[in-house]
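Peer 1: Structure here, sequence nowhere to be found:
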């Protein structure tokens, strides 16, 4: 008889998730709930300058609005985080609201943390970064968590709003870093499909594949469990239908909300302690070294990783659940992923995102130092293993 699963599920500190409620109403409600008096909005520049979204939130907050700040680049450079901390300090914020995609979401968590600890330089952030080694695994530095309430209105499907983990990039080393503390997760999240119509279609769909990648790496992992497997299967079904519908009709609000809930479900396993694998490990390197957008890293890597993993018998058995959730239990998971990505009109090869064969050795070596490299279901023993995956994706 198969051994019974023994595991403790860790849950986020997030207390409320608003489904379909207009973002301006949700943010105003959360400010009143928290008793805030000086709310800082952190927003993507395009969203702030070219859409009514931020203006509507400012109007709803009224006198509670202290300032709006933009200035986060993709992959969250440390220098941008320091600038955001200075903006929060200058307006004496007592609540932070982040409106935007994955980089804005991650930055807001680290800004909130850095404000608590008086961070003023990029070097001051050294003490918070997770240290990863192949010998010792993760080493999480000890520090106190942020104090201010954080509310997030996501405009993409990266799902980072549901996690206490944030990513930032150390420009000095061209390395993506993780920062984590249980209280870094937001107090509340507003999933408003109406604000996502301003997100470029390529970004919406590709971050949807990022969420698909969360779910597939969960289902492929031997370290998952029945609860997390169920969330991942739900995510794949919601995203598989929702992404196709939004591709066909960008004004389909029901499908957009379906995608948002699917992204939520895809993130629950990582929040609950299920580690990701090679697709995320390689993706971190592609983002930090080659500025490949988060969603595109999953588009070009997820099928090749699952194809490489399939030579492991246990991983291949678990992949049947991926195939079933994607609509055809009889087809290889890698083929179904590739077909979905192609149907959505997204890039499928490393060459499509500007990565050449000359780049592969450096990417492979850097991948082995990523926090997720050690937890791929088929072990990544050497850089040669990573090169096999990369070569299939060129």
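Peer 2: Perfect, I can see it now. Just so it is clear, the model here is predicted, and its values are computed rather than measured.

Peer 1: mind listing the strands in the protein by residue range?
Peer 2: 16-19, 39-43, 65-69, 95-100, 131-133, 137-139, 150-154, 165-170, 175-180, 188-191 (DSSP state E).

Peer 1: Which parts of the protein belong to which domain?
Peer 2: Annotated domains of the chain cover 16-194, 200-393 [automatic domain parsing].

Peer 1: Would you check the distance separating the shortest one from the middle of the chain?
Peer 2: What it means is domain 16-194. Remark: domain 16-194 is offset 13 Å from the chain centroid, using CA atoms, centre = their mean, to the nearest Å.

Peer 1: How about the last one?
Peer 2: Relative to the centre of its chain, domain 200-393 is centred 12 Å away, using CA atoms, centre = their mean.

Peer 1: what about that domain, how long is it end to end?
Peer 2: This stretch, domain 200-393, spans 25 Å end to end (CA to CA, to the nearest Å).

Peer 1: now do the first one
Peer 2: Distance across domain 16-194, first residue to last, is 19 Å (CA to CA).

Peer 1: what pLDDT, on average, does that domain get?
Peer 2: Here the mean pLDDT over domain 16-194 is 94, rounded to a whole number.

Peer 1: How about the contacts made by the closest residue to residue 89 other than its chain neighbours?
Peer 2: Closest residue to residue 89 apart from its sequence neighbours, by CB to CB, 6 or more residues apart in numbering: residue 115 at 6.3 Å. Every C-beta, even on glycine, is put in place using the N, C-alpha and C of the backbone. The contact partners of residue 115, by CB atoms under 8 Å, 6 or more residues apart in numbering, come to 85, 88-89, 93, 146, 148.

Peer 1: ok, which pair from these is furthest apart?
Peer 2: Using CB to CB, the contacts of residue 115 reach their maximum pairwise distance at 89 and 146, which is 13.3 Å.

Peer 1: Who has more neighbours out of the two?
Peer 2: Each of residue 89 and residue 146 has its neighbours counted (other CB atoms under 10 Å); residue 146 has more, 21 against 16.

Peer 1: Surely the more buried one and residue 181 touch.
Peer 2: Yes - using CB atoms under 8 Å, residue 146 is in contact with residue 181, at 7.4 Å.

Peer 1: Please enumerate the shared neighbours of the two.
Peer 2: Shared contacts of residue 146 and residue 181 (CB under 8 Å, 6+ apart): residue 113.

Peer 1: can you pull out the helices in the protein?
Peer 2: For the chain, the helices defined by DSSP state H cover 23-34, 45-50, 53-61, 78-90, 102-116, 201-220, 226-248, 253-271, 278-290, 294-309, 313-325, 333-343, 360-367, 383-393.

Peer 1: Compare those helices and give me the one nearest residue 140.
Peer 2: Counting by CB to CB, residue 140 lies closest to helix 102-116 out of the helices of the chain; the figure is 13.2 Å.
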